[in-house]
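[1] dropping the sequence and predicted coords here.
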Amino acid sequence: MLARDQSLTGKDLELARVLLVDDDLTSRLTLKAVLEAGGYFVDGAASAAEAVGKLDEQQYELVLSDLEMESPEAGLKVLAHARLMEYKPATAILTTYQNKPPDLGRPVLIKPEDLPELLSKVADLISQRAARIVERQLRAG
């Protein structure tokens, strides 16, 4: 699938791919810049529908989605679709909740106030996904 995207360079293919879903343009561009500076290839989506389309066309190591976009549950729908993908990306909700975020049964990342912590959590999520893939391969082999 990646070979069809002519905009990718050789370097991009070596970077972990992150799908960043947020309807707020400023937040999306800011987080995209932070994640790219952290060494990730970031693809953005402004809605749940756009994100679902991208998930069906590309493979991502991580899907980060804002909780509320065009509907209160749009972010959860994106993550539910991501978990159905055969390549099993890691998933997390992005939110601006500063106190206690809602218990969503999955990782919740607070939109950046502490950028090194955000990048550390992203790296942890991608690393955990890689470990799950290796475990599945060992069990199958």
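    Looks like it arrived, so ask away.

[2] show me where the chain has strands.
    17-21, 41-45, 62-66, 90-95, 108-110 (DSSP state E).

[3] need the longest helix for this protein.
    helix 115-140 (DSSP state H).

[4] what packs against it?
    The contact analysis (3 or more CB pairs under 8 Å, 6 or more residues apart in numbering; DSSP states H and E) places helix 115-140 against helix 25-37, strand 62-66, strand 90-95, strand 108-110. C-betas here are computed from N, CA, C, even on glycine.

[5] I'd like these as TSV, with distance to Ala16 and mean pLDDT appended.
    Conversion of the helices and strands packed on helix 115-140 to TSV gives the following (distance: least, CB to CB, whole Å; pLDDT from 0 to 100):
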stretch	distance to Ala16	mean pLDDT
helix 25-37	9	92
strand 62-66	7	94
strand 90-95	10	86
strand 108-110	16	61
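
[6] how near is the most centrally placed residue in the chain to Ala140?
    In the chain, the residue lying closest to the centroid (CA atoms, centre = their mean) is Val63, at 2.0 Å. Val63 sits 24 Å away from Ala140, taking CB to CB, to the nearest Å as the criterion.

[7] where does the prediction get shaky in the protein?
    Applying pLDDT under 70 to the chain flags the ranges 1-13, 96-113.

[8] if we go to 80?
    Scanning the chain for pLDDT under 80 picks out 1-14, 95-115, 141.

[9] hang on, the earlier thing: okay, the strands of the chain, which one's buried deepest?
    Highest mean neighbour count among the strands of the chain (mean count of other CB atoms under 10 Å): strand 62-66, with a mean of 26.

[10] report the buried residues of the longest helix of the chain.
    Within helix 115-140, the residues that count as buried by 16 or more other CB atoms under 10 Å are 118-119, 121-122, 125-126, 129.

[11] do stretch 25-43 as well
    27-28, 31-32, 34-35, 38, 40-43.

[12] tell me the two of these that are most distant?
    Ser27 and Phe41 (18.8 Å; CB to CB).
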